[in-house]
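Engineer: Have a look at this prediction, sequence included:
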Amino acid sequence: MLKQLFFILILTVVSTAFTIPSAVLKKADKEIMKFYEIEKIQKEIIAVPKDINSLTASEFGDGNLFKIRSNGQFLGYGYIGNAPSKTATFDYLVLFDTNLIITKSKVLIYREEYGGEISSRRWLQQFDGVSPASKELKYNDDIIPISGATISVRSMTKAMNELLQSIAMLQKRNVL
């Protein structure tokens, strides 16, 4: 009986540990509707098979990769990710058009006192127009550094490169 309770407890912790917090989902939905200038969206979760997911640099699961639709029209794709900052993490949203070219990126929740400058629209626009076929983005070449936000800038750059590599793999494997 004790083993069963322990197993259920572990299963519950594992299954809830990787879910996207409702506050993050709410902010993402709001941002998507604002970007597309619509009042209602439908998100169609893209299930990535475990064997393919294990090969990707980004983690896909719990609805963090999805197709965006409104009134039956396919608008593009969305991805909600989480990346490390100096002592915490931040949540971000990346929107792709129907050809998987980045159209918008947004830091949804930043949990540090310093480095929040990466949330600025002007800085994030550097990622617009980048596709999985693009070359790897390099800190201080393609991506402008921000004084006082070096760790977060490097982390976001790494996260975007990993996402683009992962999306390319999903395309190659006909998941997208």
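Structural biologist: All right, it came through fine. Numbering: from 1, shown residues only.
Engineer: For the chain, which segments count as strands?
Structural biologist: Ranges of strands in the chain, per DSSP state E, are 42-45, 65-70, 73-84, 89-96, 102-110.
Engineer: OK, contacts around the residue lying closest to residue 98 once chain neighbours are set aside?
Structural biologist: Leaving aside its sequence neighbours, residue 98 sits nearest to residue 76 (CB to CB, 6 or more residues apart in numbering; 5.5 Å). (Glycine included, C-beta is placed from N, CA and C.) Listed by CB atoms under 8 Å, 6 or more residues apart in numbering, the contact set of residue 76 reads 67-68, 95-98, 103.
Engineer: any chance of the residues you listed in CSV, with distance to residue 23 too?
Structural biologist: As requested, the contacts of residue 76 are exported to CSV (distance: CB to CB, whole Å):
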residue, distance to residue 23
67, 23
68, 20
95, 19
96, 23
97, 27
98, 28
103, 23
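Engineer: For those residues, give me JSON lines that also has pLDDT and distance to residue 152.
Structural biologist: Shown next, in JSON lines, are the contacts of residue 76 (pLDDT from 0 to 100; distance: CB to CB, whole Å):
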{"residue": "67", "pLDDT": "98", "distance to residue 152": "29"}
{"residue": "68", "pLDDT": "98", "distance to residue 152": "26"}
{"residue": "95", "pLDDT": "98", "distance to residue 152": "20"}
{"residue": "96", "pLDDT": "98", "distance to residue 152": "22"}
{"residue": "97", "pLDDT": "98", "distance to residue 152": "26"}
{"residue": "98", "pLDDT": "97", "distance to residue 152": "30"}
{"residue": "103", "pLDDT": "98", "distance to residue 152": "22"}
